[in-house]
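*Asks:* Please work out how this folds:
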Amino acid sequence: APHATAPQAAKLGCVDHACMVSCIPRGHLGACERCLQSEQCSTGMYCCPFMKKCVASGKQQCMTPIAFCQPPCMDDQPLSECKCH
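*Replies:* Predicted structure coming up:
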């Protein structure tokens, strides 16, 4: 099956971390797109552990809604342990 974008993945019933990560190809997401892990973001970007959006630096701002993860949810952390809105 072809890879799905985040909105498509949600429509396909992708609700858990493993499913979402596998549904979005590596390097597919651009600036300020919702992500779960940095590998999903385009080259030179990472998944902000606070906003859960792809950014090029910690100074980059993105429009709401953001995940607002407290404490920040790092790539190597199971999503089930994250406290985000």
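
*Asks:* quick one: the helices in this structure?
*Replies:* For the chain, helices defined by DSSP state H occupy the ranges 6-11, 17-23.

*Asks:* Tell me which residue is most central in the chain.
*Replies:* For the chain, the residue nearest the mean C-alpha position is residue 35 (1.2 Å; Cα atoms, centre = their mean).

*Asks:* Just give the nearest non-adjacent residue to that residue, would you?
*Replies:* residue 47 (4.0 Å; Cβ to Cβ, 6 or more residues apart in numbering). In this view, the C-beta of every residue, glycine as well, is placed from N, C-alpha and C.

*Asks:* same thing with residue 74?
*Replies:* In space, residue 74 is closest to residue 49, 5.1 Å off (Cβ to Cβ, 6+ apart).

*Asks:* Likewise for residue 38?
*Replies:* residue 46 (4.0 Å).

*Asks:* Please tell me I have it right and the one you found contacts residue 54.
*Replies:* Yes - using Cβ atoms under 8 Å, residue 46 makes contact with residue 54 at a distance of 7.2 Å.

*Asks:* out of those two, which sits in the busier spot?
*Replies:* residue 54 (25 against 17; other Cβ atoms under 10 Å).

*Asks:* I'd guessed the more buried one sits against residue 43; true?
*Replies:* No - applying Cβ under 8 Å as the test, residue 54 and residue 43 come out as separate, 10.7 Å apart.

*Asks:* Fine by me, thanks again.
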